[in-house]
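Q: generate a structure from the sequence data that follows.
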Amino acid sequence: MGTVSAISQPAFALEERLRFVEVVLLWEGLVRRQRVSDVFRIAPNHVSRDMRYYLERFPDAIDFRPELRGYVAGPNFKPRFASDDPGEYLGLLQARADSQGAALLPLTGGTVEVGGLPSPAMGIDKTVLKQLVRAIHQGHGLAVTYLGMRAEGPSTRTLWPHALLNTGLRWYVRAYDSDSASFRSFVIARISAAGKRDGSSPVPPSDDAGWHKHMTAHVVPHPKLNAHQQSVIAREFGMKRVGKQWVWSVELRQCLVGHFARRYGLDAKPPVSPSSHWVVLRNRAELRPYFLPGGNE
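A: Just a heads-up that it's a prediction; the model follows:
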């Protein structure tokens, strides 16, 4: 990917617009002024100025095609603000799929149909979420009613939130829990009520080792798969060749290790069959202490 270090750095808002233009050109091949205008809520003439700015610094990087009423990549086009990582474009599509509405339609143009599983935000009370976000922002605690699955009924807890986390299945709040005197992750959808508690956390967020400590999961194809099957899995997971083995190395916050292992079936008790577990953990013994307890996530 190119860089903008050799030119004057544009204002943040302009850089974001140019990044969007490059992403669309990379993957769709055509971007129209009106689409950029709709996404960023600026006048089409403003978009034209952005394009002139871009061309002054990167001649022949984009071309305007009157018959298409839009811009296409020119002979010298390469991303200077975006990347050519598929995840960047797919992230835009995922955002639209998660929204399940028209709010993000201009972002991805509507030219590519997108489907997806329901958002993990389902079941979250909007008032509770507001309280959590404000507690994190303002640094105060919350008295919450929590509907834990391992309890006989609702419990009242005092939490001191400092971060949110998403496992792909659920949203959690990371907080110091005064009742257990420990940092824990709580399912946001299981918080039925929350009220402000003044004061600051008895233990600072910087002491949350589960949040601040990082670990690396080394995921490899199941050793009993044949060479062709292993290469297919390696391609699917973006694995790199390390010596004679394909490896997907993923850096994770310690508190997310168990969720990651559960998501990919890496915490299953060995031996596991290659027909049901295409990937396994090479460093299972190191990560096992952080696996989730039995049952659902």
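
Q: list the neighbouring strands of the host helix or strand of A175 plus their orientation.
A: If you go by DSSP states H and E, A175 is part of strand 171-177. Strand pairing for strand 171-177, determined by DSSP bridges: strand 155-166 (antiparallel), strand 182-187 (antiparallel).

Q: could those strands be laid out in JSON lines, adding mean pLDDT?
A: Putting these into JSON lines (pLDDT from 0 to 100) gives the following:
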{"stretch": "strand 155-166", "mean pLDDT": "95"}
{"stretch": "strand 182-187", "mean pLDDT": "96"}
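
Q: go through those and name the closest to Y176.
A: For the strands paired with strand 171-177, proximity to Y176 was assessed by CB to CB; strand 155-166 is nearest, at 4.2 Å. From N, CA and C alone the C-beta is placed, and that goes for glycine too.

Q: using PDB, list the CA coordinates for the closest one.
A: Extracted in PDB, the C-alpha atoms of strand 155-166 (Å, rounded to 0.1, in the frame of the first residue of the first chain):
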ATOM      1  CA  SER A 155     -29.000 -10.400  41.300                       C
ATOM      2  CA  THR A 156     -27.900  -6.900  42.100                       C
ATOM      3  CA  ARG A 157     -24.300  -6.100  41.400                       C
ATOM      4  CA  THR A 158     -22.100  -3.100  41.500                       C
ATOM      5  CA  LEU A 159     -20.000  -2.800  38.400                       C
ATOM      6  CA  TRP A 160     -17.300  -0.300  37.300                       C
ATOM      7  CA  PRO A 161     -17.300  -0.600  33.500                       C
ATOM      8  CA  HIS A 162     -14.300   0.400  31.400                       C
ATOM      9  CA  ALA A 163     -14.700  -1.300  28.000                       C
ATOM     10  CA  LEU A 164     -17.100  -3.000  25.700                       C
ATOM     11  CA  LEU A 165     -16.200  -6.200  23.700                       C
ATOM     12  CA  ASN A 166     -17.900  -8.100  20.900                       C
END
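
Q: contacts for that strand, please.
A: The contact list for strand 155-166, computed with CB atoms under 8 Å, 6 or more residues apart in numbering, reads 120, 132-133, 135-136, 140-146, 148, 171-179, 185-186, 188, 197, 200-203, 205, 208, 211, 253, 255-256.

Q: looking at these, which are in strands?
A: Judged by DSSP state E, the contacts of strand 155-166 include 141-146, 171-177, 185-186, 197, 253 as members of strands.

Q: so how far is the strand holding A175 from its chain's centroid?
A: Offset of strand 171-177 from its chain centre (CA atoms, centre = their mean, to the nearest Å): 18 Å.

Q: residues making contact with it?
A: 120-121, 124, 132, 157-166, 182-189, 191, 201-203, 205, 208, 210-211, 255.

Q: buried among these? Make that a ChimeraX selection.
A: The following ChimeraX line selects those of the contacts of strand 171-177 that are buried, judged by 16 or more other CB atoms under 10 Å:
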select :120,124,132,157,158,159,160,161,162,163,164,165,183,184,185,186,187,188,189,191,201,205,208,210,211,255
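
Q: pull out the buried residues from stretch 220-239.
A: By neighbour count on 16+ other CB under 10 Å, the buried set for stretch 220-239 is 220-222, 225, 230, 233-234, 237, 239.

Q: show me where the chain has its helices.
A: With DSSP state H as the criterion, the chain has helices at 12-27, 33-40, 44-57, 86-99, 105-108, 126-138, 209-212, 227-237, 257-263, 284-287.

Q: and the ones you listed: which comes nearest N76?
A: Among these, helix 44-57 comes nearest to N76, with 10.2 Å by CB to CB.

Q: now the angle between helix 33-40 and the closest one, please.
A: Angle, helix 44-57 to helix 33-40, by axes from the mean of the first three to the mean of the last three CA atoms, to 10 degrees: 100 degrees.

Q: what comes up buried for helix 44-57?
A: Buried-residue list, helix 44-57, by 16+ other CB under 10 Å: 47, 50-51, 54-55.

Q: that one packs against which elements?
A: Applying 3 or more CB pairs under 8 Å, 6 or more residues apart in numbering; DSSP states H and E, one finds that helix 44-57 contacts helix 12-27, helix 33-40, strand 62-65.

Q: thinking again about what came up before, report the buried members of the ones in strands among the contacts of strand 155-166.
A: Buried members of those, counted by 16+ other CB under 10 Å: 141-142, 144, 146, 171-177, 185-186, 253.

Q: tell me which of those has the lowest pLDDT.
A: By pLDDT, W171 ranks lowest within these, coming in at 91.
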